[in-house]
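**Student:** just the structure for this:
(one chain, ligands or ions: 1)
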Amino acid sequence: MRVRGLTVSLGGVPILVDVSFDIVEGLNLVLGPNGSGKTTLLRAIAGIYRPQRGFVEVDGDIGYMPAEFADAYMTVMDVLLAGGGRAPGRYLAWLAAVGLGGYERRIFSELSTGQKRLVLLAKALAEGRLVLLDEPTANLDPAHKAAIMGVLQRLKRLKTFVVASHDLDLINIADSVVLLRGGRATQLKPEEVDGEVLSETYGVPIEVVRSGGRKLFLPRYDFYRQGEEGI
Ligand SMILES: Nc1ncnc2c1ncn2[C@@H]1O[C@H](COP(=O)(O)OP(=O)(O)OP(=O)(O)O)[C@@H](O)[C@H]1O
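**Tutor:** Okay, the predicted model is just below:
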């Protein structure tokens, strides 16, 4: 699967410009500053946005978990079935697989943010072999974040994920990293993503520390404190 020469403009403004990368088996992590076009890229892959130029080549069905969701007063089952068109049993199986077995009759708007994300993750998993996830670990406590990372790590042999996120921890379980900046994309192997590359992408010094076989990515917040002294 691949993205080639993708150019997407929204409201006449170019957001993605000549973006090319391969969607590899496993977990494809898309990183980039706020407003760099991560959601736009996922929507273009999902076919929601049509590119002005270039193309996306994917195999099979796509499941898409958006970063934001309407807080519907509907049962979890109705949220799962909405617009999806898959058999109810399939949704229930994935709901159980993400640890929410038995939640199908609960009211979606009465769930916690983490539980809502898990419901929408189950929906995306039920609907696609290629699964697009927008900010799957945002606003989660460490336990829910660990649960989602565990689900991704376990399932990446069965599914191909494209994950847009600000969560640099995900680099540890990624198979490919796409950095977006100024509408342009650079594809790297996870082991090539170092402090220098990240500092350049986000415009703030980011230190990489190895701990117990994984990498911790630490932005230098003292940099901001120094910068703000005059304010
Ligand atoms: N429907 C739209 N019409 C016009 N401009 C849009 C539209 N949707 C997004 N944009 C603009 O496109 C740019 C990229 O937005 P996008 O949501 O893809 O970024 P992002 O990388 O996902 O950001 P964040 O990390 O803040 O979620 C932003 O400047 C945004 O204002």
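
**Student:** does F21 touch V3 like I think?
**Tutor:** Yes - contact status for F21 versus V3: in contact at 5.5 Å, counting by Cβ atoms under 8 Å. All C-beta atoms are positioned from the backbone trio N, CA, C, and that covers glycine.

**Student:** between these two, which has more neighbouring residues?
**Tutor:** V3 (25 against 22; other Cβ atoms under 10 Å).

**Student:** what sits opposite that one in the beta ladder?
**Tutor:** F21, V56 (DSSP bridges).

**Student:** residues of the protein that sit close to the ligand?
**Tutor:** L10, G11, I15, G32, N34, G35, S36, G37, K38, T39, T40 (Cβ under 6 Å from any ligand atom).

**Student:** top of those by neighbour count?
**Tutor:** That'd be G37 among the residues of the chain next to the ligand, by other Cβ under 10 Å, with 27 neighbours.

**Student:** pretty sure it contacts L16?
**Tutor:** Yes - G37 lies in contact with L16 (Cβ under 8 Å); the separation is 5.0 Å.

**Student:** buried set for the helix or strand harbouring P14?
**Tutor:** Assigned by DSSP states H and E, P14 belongs to strand 13-22. The neighbour-count check on strand 13-22 (16 or more other Cβ atoms under 10 Å) flags I15, L16, V17, V19, F21 as buried.

**Student:** what sits against the fourth one?
**Tutor:** To tie it back to what came earlier, the one meant is V19. V3, G5, L6, T7, L41, G54, L180, G183, R184, A185 (Cβ atoms under 8 Å, 6 or more residues apart in numbering).

**Student:** which of the buried residues of strand 13-22 lies closest to the ligand?
**Tutor:** Nearest to the ligand among the buried residues of strand 13-22, counting by Cβ to the nearest ligand atom, is I15 at 4.4 Å.

**Student:** thanks a lot, catch you later.
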